[in-house]
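A.B. asks: My questions are about this predicted structure, shown below with the sequence.
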2 protein chains.
Amino acid sequence: MSLAAALFAPRAVALVGASGDAKKNTARPQRFLVKHGYAGSVLPINPTRAEVLGLKAYRSVAEAPQPIDHAFIMIPEVEQAIEDCGRCGVPVASIFSDGFADVGAEGAARQARLVARARALGVRLLGPNSMGVIDIPGRLALTVNAVLEMDAPPAGGISMVSQSGTMLGTVLSRGAARGLGFCKLVSVGNEADLGVGELVELLADDPQTRVILLFLETVRDAARLAEAARRAHAAGKPVVAYKLGRSALGERLARSHTGALAGSDAALDAYFRDCGILRVDLLETLFEIAPLVEGRTPPRLASAGRAPRVAVVTTTGGGAASVVDRLGLHGIETVAPGRDAPIIDLTMAATTDQYAQVLGALLASPECDAVLAVVGSSAMFHPQLAVEPILRARRAAKPLAAFLTPHAEQSLALLAKAGVAAFRTPEACADAFRAYFAWREPRVRSAEVEFDWEIQKQKFDEKSALDLFGRFGIVVAESQVARAPAFGHSLPYPVAAKILSADVAHKTEAGGVSLGIADAKEFLEKSRLLSRLGDTILVQTMERGLTEAIVGYRDDSLVGPLVLVGAGGVLAELYRDTVVRLAPVSVEEAEAMIGEVKGLAVIRGYRGLPRGDVRALAETVAALSRLALVRGRPIAEAEINPVIVKREGAVAVDGLVVLKE
Amino acid sequence: MSLAAALFAPRAVALVGASGDAKKNTARPQRFLVKHGYAGSVLPINPTRAEVLGLKAYRSVAEAPQPIDHAFIMIPEVEQAIEDCGRCGVPVASIFSDGFADVGAEGAARQARLVARARALGVRLLGPNSMGVIDIPGRLALTVNAVLEMDAPPAGGISMVSQSGTMLGTVLSRGAARGLGFCKLVSVGNEADLGVGELVELLADDPQTRVILLFLETVRDAARLAEAARRAHAAGKPVVAYKLGRSALGERLARSHTGALAGSDAALDAYFRDCGILRVDLLETLFEIAPLVEGRTPPRLASAGRAPRVAVVTTTGGGAASVVDRLGLHGIETVAPGRDAPIIDLTMAATTDQYAQVLGALLASPECDAVLAVVGSSAMFHPQLAVEPILRARRAAKPLAAFLTPHAEQSLALLAKAGVAAFRTPEACADAFRAYFAWREPRVRSAEVEFDWEIQKQKFDEKSALDLFGRFGIVVAESQVARAPAFGHSLPYPVAAKILSADVAHKTEAGGVSLGIADAKEFLEKSRLLSRLGDTILVQTMERGLTEAIVGYRDDSLVGPLVLVGAGGVLAELYRDTVVRLAPVSVEEAEAMIGEVKGLAVIRGYRGLPRGDVRALAETVAALSRLALVRGRPIAEAEINPVIVKREGAVAVDGLVVLKE
């Protein structure tokens, strides 16, 4: 029996710790399985009762009279239950019990022991601290989630993996009330064994799943999830993520030198983009977007480089304006092909035929990338009539969505049933279009080989950092080391002098940098001053250019190697004006990144300012990003701050490399 | 009879153009008045029928057998109808008919004539292009808005003025479905006569209205609305606004010199803040926030200068996290007084008493500024039980709100009925807290008198602009005018030389500025070069400081005089890092503005950089803002770019003044 079958379509389930008190949480799985018409066998396991809520109970899994495909464990003695499962050949156990990694270091150790033992026994684990598994079409409600108190939620193609059990209930209850059809829903709990990545793999292979939603608090298995997302993409199944922790992680934006590179949230953004995962900003967008992307691939805009265009048809000016305004905030244009006005305002007098004809023409028009129908109060009182022309529109290459301005549950349900994306709020509607237009194919990793050389486990000072960058093809400022007391060197003036020490982290703040030294006399003077901080001085030719940029690399603990480019200087740092991608990137990708840095507009021809060598900067970014290819990835962080960008060329003048512990 | 009574409580209404076809829009007012139990007389006016939908009809208002307090006009011949109203002493006419300012210049002229005539006749007008007036407690449904097809919406204290008729229906239908009680709702249409400001005045004086909501597309009567908002504040009635056009207006962010000062949306933000109007970002927040602010005044945080704090109590970790995350994005902290965790997670085992006790303690605690209860799936299946402890909490000085994670209409309605703010989405919940904490008392205008001197209607060049600033107490760089061919002056070197001409707008781009001139020889050289652009040169002492700032003034066409401060330089311009307030401002207010400019962190001690004279910069901002007090307000725009901020003092080195046309 496959893992997927055992998880989602077990022939028999054991409910370990099933309660005979129908009001208790631990009675829920049994009640829900019965209520929703599960066709397999339900075996309550309870050492103190012969019968639980009308079903014969067994003292342990071992005593069950038939093979168990899936055990649901609700007792504190999880270890014993897993032993039993192992002995009886139960392939999967979902663990509701908590007290593992969710309660600190001791619990984490307990969890590690549990996983090791389960592996040895051949039992796969979901959880601990999981609310279980639901398969709507399969009528499997193996869960303690109270949301299953509801009567038969609609079956459909939307599956979901959630790191929060209750939010799984939130999405199911709200989506079902809306008439959206769900398929498989999994609460992963602590992800001790089965993680989000592996579950997405199973859903990518699941013939009934058509869209995969993720509710994430963190990412525990970035590489596997990335692979799974590619597999889902190959299977034509969009993956949509809502990720918590934007602000909390934002706080972590470290103040230290390289830590300030990028917040982890920017890293996750880069990661989702790289994997071809759509990321939504608002909670309700997570399920409202499903029909918009189902069966679709990332958009290829008619003309690359321009803003995406949505044609808006409406019978209410104010309602349309509330979405158009929000789309504009996301950089999405509103168009009305063949009309003067920005939106297509059909009076209430338009017939269903006329309305449908307008929609058909727009869906066929090359002048827009998507179509939005805004429906006014008729949606409330004449639900069928109001959405009739939208339901008639034939599925086209570009998406069609609806926003309903009044309280209009029935209209929303009619649209959902017909597979048309329908939105309750202008903000979720605009958020869905934003996510859709930002959606990219999963990036194809180039077949670049690992670098075939080792990096010494040394402490890098600025000189050795710049030397390393040079080996990666980065142009670095000419430099020499000068030592007390003579401080001899042979570089032409003007020069810069910096204290050379791997132990002085913030050289400028420490007074360890002297720029624009005009001649040998001044140099000796300055060097003597600097030598209070150390004997060795790095002398560099002074480089001047049009602007300064910062280029960084970080091997993120969640998502792996990242590369960053931003405008240089203290202002850019204050504005956090940086763009992050998963490393490595090609020169072309690096050029696209540079194009997104606001402050680097100064070298892209802003206000008639002289243009800088963007290509050379991009080559620097791409080169630094190749640190991700060094065998064993020994480098934790690297930074060039600044890179001097000139009319021709770009030169690294300050470098930092930090190895992993 | 007062205007308010005629508008909201007429004893008899005439429906001019009432249709006998119940399906037509023009039949709606009559149907709705009857349906909702209007107690006054309804008189259909229709020259072709003796009877309309069961009521005796009259050929004209003049033929009506009793005095009419309010006429609702639905015919194209609006002018004739108004003549009739005037002749018969009808005090108010609401005009649904369009074809006025809504259709361009010709219509606008028609509208101006109509208003003039109505004034002469003593008839006040609502509209044209208005969907009418609704008074829920008064059972007046004098409107064509289809939302009144609904059965008796709950009566309450929420009133609304809307520039979009359909969005008025949207808010009423969504709010009513939620159990929120409404009072008076007005669709203002073109605001030819009765505007938003005057209506807010009426609502401020209305004993039944407790909160006033505004749906705005623009602001047509800023001064009157500001006064009305103060009146509402004095009457203890919060005013909440949702304003469209953020992105469209954003686009208008002019590229020209002073136009780039601030987008009109920033101006409106400053205006709302100044008036003590709460501004919400999300559509549903507009009505969901009403119970949160009803009966309250702007918050006084226990310790000024710190982030606002919300205590979050929850039975669902994921649900709470979705709000906490969003609050964090708005700079609002989550606290759990007396606990280690950031939120207060009550297990489902907590009794109603225990839960209520926790809420009571938090509402009394000095450690938080507001309390949020997050309710999980129990809200769906046991609505009364789930919200019971929240309903039991006694109204306190700080607000209490609830966020319900599942689809839970009944729980929402129970909370609404009890006057507790309840939110459907984490985003609207966080938006409401953001708006609440940003809420300020209406600013008390200082009693400063107008300046008693005239400004010549001249074209200002940089010299005369700086001279003007000097008269307002701004420290300006010492300067002299030098003329070809000798370019004589007596300033000490180094100096700056700039072409002096009111016709060269972008001097730097035009090559009309030369900085850091070291001596007389270089000065003559540079002056000769500059003189290709003009004969007259402004010589200035070179000023050096810690950073540059920009200070601007604009008499905005919507909201009046504004003052702006921002970081100087091209990067700050790219990042639009500016703060705007209504002018004039005091030095203390200017200091607070400077504190909000990110880029000026460099003179506030960021990273150990030397501190600049923030007070001197604030004095410059306050001084420039007093241009708002010049009699007749002849100045359209003024700008100091840059102000050089030093360790001690701040000096204006470049000035621009543009008079109104």
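C.D. replies: Cool, the structure landed. The model shown is predicted, which means the values in this text are computed figures rather than measured ones.
A.B. asks: hey, let's count contacts and neighbours off CA atoms from now on
C.D. replies: Noted.
A.B. asks: Lowest-scoring secondary structure element of chain A by mean pLDDT?
C.D. replies: Lowest on mean pLDDT, DSSP states H and E among the helices and strands of chain A sits helix A:246-251, with a mean of 49.
A.B. asks: Which SSE is immediately downstream of it?
C.D. replies: Next along the chain after helix A:246-251, taking DSSP states H and E as the criterion, comes helix A:264-275.
A.B. asks: Name the strands paired with the next helix or strand after that following helix and say parallel or antiparallel.
C.D. replies: The element immediately downstream of helix A:264-275 (helix or strand, assigned by DSSP H and E) is strand A:278-279. Taking DSSP bridges as the criterion, strand A:278-279 pairs within the sheet with strand A:239-243 (parallel).
A.B. asks: Measure how the strand it pairs with sits relative to helix A:264-275, angle-wise.
C.D. replies: In this structure, strand A:239-243 runs at an angle of 180 degrees to helix A:264-275, with axes from the mean of the first three to the mean of the last three Cα atoms, to 10 degrees as the basis.
A.B. asks: For the stretch 401-550 of chain A, which segments are assigned as helices?
C.D. replies: Remark: helices assigned in the stretch 401-550 of chain A by DSSP state H, counting those that start in this stretch are A:409-417, A:426-438, A:462-471, A:520-530.
A.B. asks: So which of those helices is the most surrounded?
C.D. replies: helix A:426-438 (a mean of 24; mean count of other Cα atoms under 10 Å in any protein chain shown).
A.B. asks: pLDDT on stretch A:622-642, on average?
C.D. replies: The predicted model gives stretch A:622-642 an average pLDDT of 92.
A.B. asks: of the helices of the stretch 401-550 of chain A, which approaches chain B most closely?
C.D. replies: Among those, helix A:426-438 comes nearest to chain B, with 7.0 Å by Cα to the nearest Cα.
A.B. asks: In CSV, list the C-alpha atoms belonging to the closest one.
C.D. replies: Backbone C-alpha positions of helix A:426-438 (Å, rounded to 0.1, in the frame of the first residue of the first chain) are rendered in CSV as follows:
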residue,chain,number,x,y,z
PRO,A,426,-11.7,44.7,-3.5
GLU,A,427,-8.4,44.1,-1.6
ALA,A,428,-8.4,40.3,-1.9
CYS,A,429,-9.4,40.6,-5.6
ALA,A,430,-6.4,43.0,-6.3
ASP,A,431,-4.1,40.8,-4.2
ALA,A,432,-5.0,37.8,-6.3
PHE,A,433,-4.3,39.6,-9.5
ARG,A,434,-1.0,40.8,-8.1
ALA,A,435,0.0,37.3,-7.1
TYR,A,436,-1.1,36.0,-10.5
PHE,A,437,0.9,38.5,-12.4
ALA,A,438,4.0,38.0,-10.2
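A.B. asks: I'd like to know which elements it is packed against.
C.D. replies: Counting contacts by 3 or more Cα pairs under 8 Å, 6 or more residues apart in numbering or on different chains; DSSP states H and E, helix A:426-438 is packed against strand A:278-279, helix A:285-288, helix A:317-329.
A.B. asks: For the last one, list every residue counted as buried.
C.D. replies: To tie it back to what came earlier, the one meant is helix A:317-329. Residues of helix A:317-329 classed as buried under the neighbour-count rule (16 or more other Cα atoms under 10 Å in any protein chain shown) are A:317-329.
A.B. asks: Those residues into CSV, with extra columns for pLDDT?
C.D. replies: Shown next, in CSV, are the buried residues of helix A:317-329 (pLDDT from 0 to 100):
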residue, pLDDT
A:G317, 84
A:G318, 87
A:G319, 90
A:A320, 91
A:A321, 89
A:S322, 91
A:V323, 94
A:V324, 91
A:D325, 90
A:R326, 93
A:L327, 93
A:G328, 91
A:L329, 91
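A.B. asks: Out of those residues, which are close to chain B?
C.D. replies: Checking the buried residues of helix A:317-329 against chain B by Cα under 8 Å from any Cα of the partner chain, the ones in range are A:G317, A:G318, A:G319, A:A321, A:S322, A:D325, A:R326, A:G328, A:L329.
A.B. asks: In this model B:L168 seems to touch the second one, though I could be wrong.
C.D. replies: Okay, so that is A:G318. No. Between A:G318 and B:L168 there is no contact under Cα atoms under 8 Å: 9.3 Å.
A.B. asks: Contact residues of the stretch 151-300 of chain A facing chain B?
C.D. replies: A:164-167, A:169-171, A:173-174, A:177, A:244-248, A:282-284.
A.B. asks: Next step: the residues you listed restricted to strands.
C.D. replies: In strands, judged by DSSP state E, none of those are found.
A.B. asks: So which of those sit within helices?
C.D. replies: Filtering these for membership in helices, criterion DSSP state H, returns A:G165, A:T166, A:M167, A:G169, A:T170, A:V171, A:S173, A:R174, A:A177, A:R246, A:S247, A:A248.
A.B. asks: Now do the strands in the stretch 551-661 of chain A.
C.D. replies: A:560-567, A:578-582, A:635-645, A:650-652, A:655-659 (DSSP state E, counting those that start in this stretch).
A.B. asks: And the fourth one, what does it pack against?
C.D. replies: Counting contacts by 3+ Cα pairs under 8 Å, 6+ apart, strand A:650-652 is packed against helix A:614-625, strand A:635-645.
A.B. asks: measure stretch A:582-599 end to end?
C.D. replies: Distances were taken as Cα to Cα, to the nearest Å; on that basis the terminal residues of stretch A:582-599 are 21 Å apart.
A.B. asks: Enumerate the positions of that stretch that are buried.
C.D. replies: Of the residues in stretch A:582-599, those with enough neighbours to count as buried (16+ other Cα under 10 Å) are A:582-587, A:590-591, A:593-594, A:596-599.
A.B. asks: And the furthest pair within those residues?
C.D. replies: The largest distance within the buried residues of stretch A:582-599, taken as Cα to Cα, falls between A:P584 and A:G599 and amounts to 23.1 Å.
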